[in-house]
Structures are given as C-alpha cells and as structure tokens.
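> I'll drop the sequence and a predicted model, then ask my questions.
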Amino acid sequence: MLIQLEGVTKVYEVGTEKVNALGGVSLSIEKNEYLAIMGPSGSGKSTLMNVIGCLDTPTSGSYRLKGQEVGDLDDDELAEIRSAEIGFVFQTFNLLPRMTAFQNVELPLIYSKAHRRTRAERVWGVMDAVGLRDRAMHRPSELSGGQRQRVAIARALINNPSIILADEPTGNLDSGTGEEIMQVFEGLHRAGNTIILVTHEEYIAEHANRIIRLHDGLISSDERGVRGSSLGGPVGSAERV
Amino acid sequence: MEFRETFVSALRTLGSHKMRSALTMLGIIIGAGSLVAVMSLIAGLNQSVTTQFQSVGTDIISVSKFPWVQMGSSEDYRGRKDITMHDSDAIESLPSIGLVAPNIHTRRGMSYGRESMRRVRVSGTTPEYETIDNYAVESGRFLTQFDVERRRQVVVIASEVSEKLFGLRDPIGKDMQIGGKKFVVIGILEEKGDIFGETLDEHVLIPITTFRKAFGSRRSVVVDCQPADGVSMERAMDDIRALLRVRRQVPRDKPDDFAVNTQEDLTASYKQLTGVLYFAMTGIVALALLVGGIGVMNVMLVSVAERTREIGVRKAIGARRRDVTSQFLIESVILTALGGALGIGGGAGIGVLVRVATPLPAATTPAAVGLAVGFSLITGIVFGVYPALRAGRLNPIQALSYE
Ligand SMILES: Nc1ncnc2c1ncn2[C@@H]1O[C@H](COP(=O)(O)OP(=O)(O)OP(=O)(O)O)[C@@H](O)[C@H]1O
Ligand SMILES: [Mg+2]
C-alpha cells in the first residue's frame, strides 16, 4: 500500500476557536491510482492534500507513506520525503519569477542533491515530456498560463516522485487549456504515476478512475472505476513520459 | 543545497534590487573604508616618523626651557627662567656628561646678490653640534672652536639655502647677508629632509658667540648633550636634573621648571597620538558597522517577508530548513562582502591620494585589508543570522498561502 490514512484529523486553532478541517479520514491509495478529491469549499480538500504531501502532519490518527509513519517525523525529515516522494502542482503555478523555466524545473534536483552532470539531461527529459523544450530558457512571465502549468508539472516530475499532488491545477486556466493539462496528467498516469488531484469540476474529475467526496472534513463517498473511457482518449504530448 | 547554486541565486536576488542593495551596503562601505583609510594613514605616519626619529639620534639629551611635547595648559609653563650659557657650562662639567652643544635659535632674512629668503632658521652653536645632532657636511667644513672663540662671521648653510641663494654657483668663500650682517660661507650641509612636515634644509648655522653678539644674548639656551662613555641615559638625565634644580633654586615640593627631552618623549607622544587615532577609528568603524549591520538585518527581514511565498514553494519541493537559512545567510554575507570590497577600494584610494598629495607615505597594508574583510563578513553573518533563521523556520503551508 502506497498511502494509508487511519482516522486522520486536523484541527486548526484560531484564537480560542477550533476548526476541525479533517474529522477522521481513513483512506488507502495504491500505486498508479488516479484519484480525484471533490467537495464544497472549506470541506478540507487542501488540508487533506497537505497531509498526504507531508507539508503538514495530522493532529491525530495515523498516516503511513510506503509503510512509514509520517506523524513522528521532524521538519527536515518531512522535507526529505517531499523531495524524494512528492511532486506538487499548484493552482497558481508557484514558479519562481526570477528563474527561467529550466532553472525552476532544476531546483528540486538541487535540493535532492542530484549530481550536477546528470541534472541538465533530466531537466531536458521532463521538458520534452511536457512539450516545452523550446520554451525552457524563458521566464514564467514570458509564458502562457498553460505553459506555466506545464513547467510546474515538469518540476513536480523531476525527482520521479511516488505521488503527484495537484490542488486545482486547472483552476486558473480556461477550459481548453485545462483540458490540455488534463491530457498531460493522463499521460503521466498511463506511464505508471500515482496522481491525486483536487477539483471543483465534474468533467475534470471524470478523468480520474476514483473519486472521493469530502464533506465537513469527512469522506462522504468513494467511487471507483467511474470512467475508464479516457484511457482510450486522445493522447497528448505527454505520451512520451 | 550546493553552495554554488545558493550563491548564484543570492546574486540574482540582490541584482534585482540594486538600489536597495546599494543603500544597505553604505554603512559597511563607510566602516570598511574608514578602517582601511585610517590604517593606511597610520602605516604612513609610522614610516615617516621612524625615519624622522632616526634623524634626531637616539642618545641625545636636549635640555630646554620648555618640553618638546607640551602637556597640560600653557599656564604651567609661564614665568620660567631662561637657561643660560652658565647652565650649559655647568652641565658640561658634570662627570656623567660627554659632549655638550649649547644652541640658540632665531629666524632672519638672508640674501646673496639679488637672491633672498625670508625668515630662515638661524642657529648659533658650537662644533660639538655636528656630532650630537647628526649633521653631515657635504662640502667645505663645519664650525670650529676657533670660529667660536674669535666670534668669526662665518656660516654653514643647509642645502635649500645653498640652492635658493647660490643656484649653480659654489657658495664656499662667498659673502652673504644674514639679518643685515655679512657672513662668509664655510660649509654646506647634506640634505636632511622633513620632520613633521617641516623642512630641515632651510637652516644656517653660525658660531654661538657670533650669534649672541649679532642677534642678542637674551635668549634661553638649548643644551644638547650626550652621556659620557659608559654612562646610562637615565643616570645622565638624573644628574642634569639635580644640577639644574639647585642652580635654579626649585623648591623640593615643586616640579622641574625646565625640560630634559629625549627621543623617547617623542616616541611616547607619538604612541599617544596613534593611540587616539586607533581609538577614534575603532569608534567610527564600530558605529558604521553597527548601522550597516542593522540596515542589513532590516533589508533581510523585508526580503524574507517579500519572499514568504517563494520560501513556501522551495520547502514544498524539498528544501530543508538549513537550505533556506543558508540561502538568506549567504545573501546577507554577499551584501556585506560587496560593501566591504567597495569600502576597501575607497579606503585604499584615499591612501593613494594622501601619498600623492601630501608628504605622508600612506600605505594600505594586508593587515588592514584582512581586518576590513573580516569585519564585513562577520557583520553579514551576525546581522543576517536572525532573518535567515526566521526564513528557515517558516511553516510551508502558511508560507504558501501568504498573500
Ligand atoms: N491555516 C489555517 N488556520 C485555520 N483554519 C484553517 C487553516 N487552513 C484551513 N483552515 C480551515 O480548515 C477548513 C478546510 O480548509 P481547506 O483549505 O482544506 O478547504 P478546501 O476544501 O481546500 O476549500 P477550497 O475549495 O475553498 O480550497 C476550512 O474551514 C478552513 O477555514
Ligand atoms: Mg483548497
């Protein structure tokens, strides 16, 4: 089992008030699953993603990633897990503005202490996978929204993570561009990656082969095999992954 | 994260805020600059003073009415009696004293033919002065006992006087006017250079007896002397002091009303002067570095706040605390190192200017540069540590959701 959550809660304390962002979530995710998390605003989707992505630790309950209990780890150990196992894709891209696309994609390799000589080769590899080789030396401000999100995906892929986490990756894109990004994810899934993505849109969620719905910090439904048709759908440049 | 990446990324950020970085560096520039400049000046002073002290001679005791270096208020020196030729004779008769050369001084205009000079130093003295005060004759001869006994109208002139009044002509045997009196030139002195910025080569020497007759005898005499062979400086000085206190009837409970000077007094007061300089410099440098350091800390805190989101992103993609901390620390050190480099450049520039424009041989020493580099780096570390630690400790989720 790749991911195993048991009774995970997350309580935020704001002043004297306590917010139960997650109220006891149990969930197992296997390798090469393509999972969509849905739910109304404030239902705890991002909180769950942060826990799974080791950006945050549960208030109570257990989270095992590849069998390792994450709750006991300190800041730096969490950072190392993020570096090796997790690739994040954000709604707002979160590229560093003063660096080129290439340098943005290379950055995780520097933190994971990849050897300098192999770095460029790997960066070009993922740039090809997202179809951005010819844009590599541009800064984010010189790229379109869709291209920026491709750079962000390339950055998430660069360390060959066990899980790719995407929190509303198409939220800032028009539907056409969003669809192109979804093609990239599909290609990645087909290539064996595990993908978890948060979305508000049913048509985006339908790309996944499992949909979890959250309500007030609890799982209200967990459907599998909703739609396998996209597997036979049009193939984008992500095919090469 | 590797150092090289951190370094390049730090340069990139600083480069994107050039004005802010430059203003922040100002304090460091001033600190490092003044450190290097003052140390260059002191190095120059040291060098010129060493050569100047050599021209005075190490074993000379100079007895005078007032000390070479006056401390305290001028009140303390008022109403002192002159030192007389009789005092000089008495000192000469002390067994612990060797050579003695009484000397008296004034300033007079002088001329030869159409050439003239104003207010040149005229000294009346005896032949012993040549040895005691380190004079060397380039051509002709020095004063003799015979000149003194006969009160001869003869003069030994220093190199500038020879050049200015006689030009290419040979002055020896020529008649010249000093203060309206006629003198025959008998010798020319070797060049002596400057002491404390004043030339020693605009100077003429005449027999002390002639001086008293021509320019008046009511002047305090300076008695330059050396200890007798095998006698220590201290012993000779004590004897002179005891002798003069009796002769001048100084009461037991009163301090000397005369001065017994040695080169050591000069060295001591010089040390005091450079001590004051060092003290002032330490103050300036400490203040500038403090101000600069606070500026650096402020800018780094602003930078951390501005880049909160960036820090969140870096952490999300695998940066550990120390990766983020070292990134900001290196940035602040680059800032101060750059400021230090500019300051060192400026300070060394001031040193060069002083050397070119003044007689002071100012020189930038490796020690000064090393010190400035050290202080700059330390300032960067000390004042950069807090913002850097703060950056490293940021919670990634809060940082990512920072607007
Ligand atoms: N840092 C925090 N401090 C306090 N409360 C928080 C914090 N982060 C989230 N919450 C609260 O936790 C709950 C779940 O938030 P979360 O961001 O997970 O929702 P979401 O499902 O991602 O919503 P959206 O669809 O709007 O992104 C919300 O009520 C939110 O106000
Ligand atoms: Mg959210």
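Everything's here; your move. Ligands and ions are numbered 1, 2, ... in the order given.

> So which residues on chain A come close to ligand 1?
Contact residues (CB under 6 Å from any ligand atom) of chain A with ligand 1: A:12, A:14, A:19, A:21, A:39, A:41-47. For every residue, glycine as well, the C-beta is placed using N, CA and C.

> One more pass at 5 Å, please.
A:12, A:14, A:19, A:21, A:41-47 (CB under 5 Å from any ligand atom).

> From those, which shows the smallest pLDDT?
The lowest pLDDT within the residues of chain A next to ligand 1 belongs to A:Val14, with 88.

> Neighbours of it, how many?
Residues near A:Val14, counting by other CB atoms under 10 Å in any protein chain shown, number 7.

> you'd agree B:Gln309 is in a helix?
Careful, residue B:309 is Arg; it's not Gln. Yes: read with DSSP: H, G, I helix; E, B strand; the rest coil, B:Arg309 is one of the residues of a helix.

> Tell me the secondary structure of the closest residue to chain A within chain B, please.
Using CB to the nearest CB, B:Gly318 is the residue of chain B that sits closest to chain A, at 2.7 Å. Here B:Gly318 is recorded as coil under three-state DSSP.

> Ok, A:Ala114 next?
Strictly by three-state DSSP, A:Ala114 counts as coil.

> Give me the phi and psi angles of it.
The phi/psi pair for A:Ala114 (degrees, to the nearest 10) reads phi -70, psi 150.

> right, and it touches A:Glu121 too?
No: if you go by CB atoms under 8 Å, A:Ala114 and A:Glu121 don't touch, sitting 10.2 Å apart.

> Next one: the closest residue to the residue of chain B closest to chain A other than its chain neighbours relative to B:Leu400, how far apart?
The shortest distance from B:Gly318 to any non-neighbouring residue, by CB to CB, 6 or more residues apart in numbering or on different chains, is to A:Ser83 (2.7 Å). Distance, A:Ser83 to B:Leu400, by CB to CB, to the nearest Å: 16 Å.

> Could you do A:Ser175 as well?
Counting by CB to CB, the gap from A:Ser175 to B:Leu400 is 26 Å.

> neighbour-wise, which of the two wins?
Shown here are A:Ser175 and B:Leu400; by other CB under 10 Å, B:Leu400 has more neighbours (24 against 11).

> Surely the more buried one is in contact with B:Arg314?
No: contact between B:Leu400 and B:Arg314 fails when scored by CB under 8 Å: they sit 10.2 Å apart.

> Looking at A:Ala114 and A:Glu121, which is more packed in?
Legend: neighbour count by other CB under 10 Å for A:Ala114 and A:Glu121, higher for A:Ala114 (16 against 8).

> Where does the spatially closest residue to the more buried one that is not a sequence neighbour sit, in terms of helix or strand?
In space, and not counting its chain neighbours, A:Ala114 is closest to A:Arg122: 7.1 Å by CB to CB, 6+ apart. In this structure, A:Arg122 is located in helix A:116-129 according to DSSP states H and E.

> pull the CA atoms of the helix or strand just after that helix into PDB?
Heading C-terminal from helix A:116-129, the first helix or strand you meet, by DSSP H and E, is helix A:145-157. Extracted C-alpha coordinates of helix A:145-157, given in PDB (Å, rounded to 0.1, in the frame of the first residue of the first chain):
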ATOM      1  CA  GLY A 145      -0.900  30.100 -18.200                       C
ATOM      2  CA  GLY A 146      -1.000  26.600 -19.700                       C
ATOM      3  CA  GLN A 147       2.800  26.700 -20.400                       C
ATOM      4  CA  ARG A 148       3.500  27.800 -16.800                       C
ATOM      5  CA  GLN A 149       1.400  24.900 -15.500                       C
ATOM      6  CA  ARG A 150       3.400  22.500 -17.800                       C
ATOM      7  CA  VAL A 151       6.600  23.900 -16.300                       C
ATOM      8  CA  ALA A 152       5.100  23.300 -12.800                       C
ATOM      9  CA  ILE A 153       4.300  19.700 -13.800                       C
ATOM     10  CA  ALA A 154       7.800  19.200 -15.100                       C
ATOM     11  CA  ARG A 155       9.100  20.500 -11.800                       C
ATOM     12  CA  ALA A 156       6.800  18.000  -9.900                       C
ATOM     13  CA  LEU A 157       8.100  15.100 -12.100                       C
END
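
> can you tell if helix A:145-157 touches chain B?
Yes: using CB under 8 Å from any CB of the partner chain, helix A:145-157 reaches chain B at A:Arg155.

> Quick one: mean pLDDT over that helix.
pLDDT averaged over helix A:145-157 gives 96.

> same for whatever helix or strand comes next after it, what does it pack against?
Note on helix A:145-157: by DSSP H and E, the next helix or strand toward the C-terminus is strand A:163-167. Applying 3 or more CB pairs under 8 Å, 6 or more residues apart in numbering or on different chains; DSSP states H and E, one finds that strand A:163-167 contacts helix A:45-52, strand A:86-89, helix A:145-157, helix A:175-190, strand A:194-198.
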